[in-house]
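Trainee: 3D, please:
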Amino acid sequence: MNLNKPLVLMTHELPEDWVGELLEDYHVIKGINEERGLDSSLIKYLDKAEGILCLLDDPIPAEHLERAPKLKVVSNMAVGVDNIDLAACSRLGIAVGHTPGVLTEGTADLTVALLLAVCRRLPTASEDARQGRWTNWDPTGWLGVDLKNSIVGIIGLGKIGSAVGERLAAFGAQIIFTNRSPLPEKEKKLNATQVGLDELLRTSDFICLHVPLTEKTANLINEQAFRKMKSSAILINAARGSIVDTTALTRALKEGHIRAAGLDVTEPEPLPPSHPLYKLDNCLITPHIGSATFQIRQTMAKIALENLSAGIKGTHLPYCANPEIYT
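Mentor: This is a model prediction of the structure:
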């Protein structure tokens, strides 16, 4: 180990062309890619580490942080930081970096892709064609639903929710939303209508989730929420899996309380292959790929590395999730 360089623990390896020269000033120890969080090969170096570079599903609990007296920064290559004990970091004076703003367009694109794929039953139609069940033109075969003139309810009209609204309004959908605050002035071009959550659940043909995961939003879409929805409603979740009660969702899809669902996030994550949701032809699941474009992932890596460097140098992080440590 080069003791002349600050020690950085990196939970997973990143492509060399994403990293470039940004880690040359540090002694980096990399974890095992197949494991989540700090594996045993990294934990033993916590007492010497000055920085941690982790991914969105790497748990960084207080017990690890308290074993790292030299730790200055935890840089998360993600927008959310619910995998990190943020309160413990703030208590210990450890800066937490994240990568906000870079996912807006990519996640909005994926949300619309999921919605269109589900409402037009593309996975089922494609599999039927592959399996030889496409034998002739059937006037009632693979019927989907129209997006034009539908009501799209967006729960959480922040940057991503607004980008989704802009895209779906172009299809001729009416946009309604529920939010903690009134519609920002710059977003009024959407001509969206703010309503209460109950009204949104009752009236929406499509429901898109774009709220952060907090104590108030955990299991927000539960058994009671599904009972309020139209039986023809389609739910799209590209936010966080824990916002939806997975058991209640499975029951709602099986019993026809809603028409279908498209999920880029699940609870738990990853969802085990044996989970009953995979057996339902009215549920499309993708493996958390909202940010999965070359451009977005490279930008996320660059920001995460810049946060890491700033934290080790003792300067303000460009994107800090717990700025209170500076006051």
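Trainee: and the residue of the chain positioned farthest from its centre, what element?
Mentor: Distance from the C-alpha centroid of the chain, by C-alpha atoms, centre = their mean, peaks at residue 136 (40.1 Å). Secondary structure from DSSP states H and E places residue 136 outside every helix and strand.
Trainee: quick check: it vs residue 144, distance?
Mentor: Between residue 136 and residue 144 the computed distance is 19 Å (C-beta to C-beta, to the nearest Å). Heads up, the C-betas are built off the backbone N, CA and C, glycines and all.
Trainee: check residue 135 too.
Mentor: Using C-beta to C-beta, residue 135 is found at 20 Å from residue 144.
Trainee: before we move on, what about residue 190?
Mentor: Residue 190 is 25 Å from residue 144, by C-beta to C-beta.
Trainee: buried residues in stretch 125-134?
Mentor: Neighbour-count burial for stretch 125-134, counted by 16 or more other C-beta atoms under 10 Å, picks out 125, 128.
Trainee: residues in contact with it?
Mentor: With contacts defined as C-beta atoms under 8 Å, 6 or more residues apart in numbering, stretch 125-134 is touched by residue 142.
Trainee: so for it, mean pLDDT?
Mentor: Per-residue pLDDT over stretch 125-134 has a mean of 94.
Trainee: all helices for the stretch 1-150 of the chain, in order.
Mentor: Applying DSSP state H, counting those that start in this stretch to the stretch 1-150 of the chain gives helices spanning 16-19, 40-43, 62-65, 86-92, 104-119, 122-130.
Trainee: nearest to residue 206, out of these?
Mentor: When the helices of the stretch 1-150 of the chain are compared by C-beta to C-beta, helix 104-119 sits nearest residue 206, at 6.0 Å.
Trainee: please save the CA atoms from that closest one in PDB.
Mentor: Extracted in PDB, the C-alpha atoms of helix 104-119 (Å, rounded to 0.1, in the frame of the first residue of the first chain):
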ATOM      1  CA  THR A 104     -33.700  13.700 -15.800                       C
ATOM      2  CA  GLU A 105     -33.900  13.100 -19.600                       C
ATOM      3  CA  GLY A 106     -32.800   9.500 -19.500                       C
ATOM      4  CA  THR A 107     -35.300   8.500 -16.800                       C
ATOM      5  CA  ALA A 108     -38.100  10.400 -18.400                       C
ATOM      6  CA  ASP A 109     -37.400   8.600 -21.700                       C
ATOM      7  CA  LEU A 110     -37.400   5.200 -20.000                       C
ATOM      8  CA  THR A 111     -40.700   6.100 -18.100                       C
ATOM      9  CA  VAL A 112     -42.400   6.800 -21.500                       C
ATOM     10  CA  ALA A 113     -40.900   3.700 -23.000                       C
ATOM     11  CA  LEU A 114     -42.200   1.500 -20.200                       C
ATOM     12  CA  LEU A 115     -45.600   3.200 -20.400                       C
ATOM     13  CA  LEU A 116     -45.900   2.600 -24.200                       C
ATOM     14  CA  ALA A 117     -44.600  -0.900 -24.000                       C
ATOM     15  CA  VAL A 118     -47.100  -1.800 -21.300                       C
ATOM     16  CA  CYS A 119     -50.100   0.000 -22.800                       C
END
